[in-house]
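# here is a sequence with its predicted model. Questions after.
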Amino acid sequence: MNVDKDMQKINPKIYSINSRISIFRTTNGGVLVMINRKSRIIMKDGHKIIENVKKINKIEKDVKITIKINAPLCSKTKTFLEKKGVFLDIVKP
């Protein structure tokens, strides 16, 4: 999934999420959360991702949330996120 010109950037403060996280409204009505960093994403980060997904779901119910990650992802964290129903789009650096 590429960030298109058609995607609308959403202010993360609407959801009470850290302003360093980029959030976009996709063309099909879903929400795309971009995590752009160089360090490995570990289980602690996975729990924060789940918290952010819950915050978005409180305001927007029944919306598809996709997490786009361009950092290395721990295999246990990947399994954890998939079991929680988070859609992952992993970009290999």
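Okay, I see it.
# can you give me the strands for the chain?
Listed in chain order, the strands of the chain (DSSP state E) span residues 8-10, 22-25, 31-35, 65-69, 87-90.
# in CSV, list the ones you listed along with distance to Phe80, mean pLDDT and mean neighbour count.
C-beta: built from backbone N, CA, C; applies to glycine. Shown next, in CSV, are the strands of the chain (distance: least, Cβ to Cβ, whole Å; pLDDT from 0 to 100; neighbours: other Cβ atoms under 10 Å):
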stretch, distance to Phe80, mean pLDDT, mean neighbour count
strand 8-10, 25, 92, 13
strand 22-25, 21, 93, 18
strand 31-35, 15, 92, 19
strand 65-69, 12, 93, 19
strand 87-90, 11, 90, 14
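# looking at these, which is closest to Lys76?
Lys76 lies closest, by Cβ to Cβ, to one member of the strands of the chain: strand 87-90, at 13.6 Å.
# that closest one - contacts with which helices or strands?
strand 65-69, helix 75-83 (3 or more Cβ pairs under 8 Å, 6 or more residues apart in numbering; DSSP states H and E).
# ok so, going back, can the strands of the chain go into JSON lines with extra columns for distance to Lys58?
Converted to JSON lines, those look like this (distance: least, Cβ to Cβ, whole Å):
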{"stretch": "strand 8-10", "distance to Lys58": "15"}
{"stretch": "strand 22-25", "distance to Lys58": "14"}
{"stretch": "strand 31-35", "distance to Lys58": "13"}
{"stretch": "strand 65-69", "distance to Lys58": "12"}
{"stretch": "strand 87-90", "distance to Lys58": "18"}
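# Ile42 touches Cys74, doesn't it?
Yes. Using Cβ atoms under 8 Å, Ile42 is in contact with Cys74, at 5.0 Å.
# shared neighbours, these two?
Between them, Ile42 and Cys74 share no contacting residue under Cβ atoms under 8 Å, 6 or more residues apart in numbering.
# next one: Asp4, what pLDDT does it get?
pLDDT, the model's per-residue confidence, is 60 for Asp4.
# equivalent analysis for Lys38, please.
Looking at Lys38, the pLDDT reads 88.
# just give the nearest non-adjacent residue to it, would you?
Ala71 (6.3 Å; Cβ to Cβ, 6 or more residues apart in numbering).
# that concludes my questions; thank you for your assistance.
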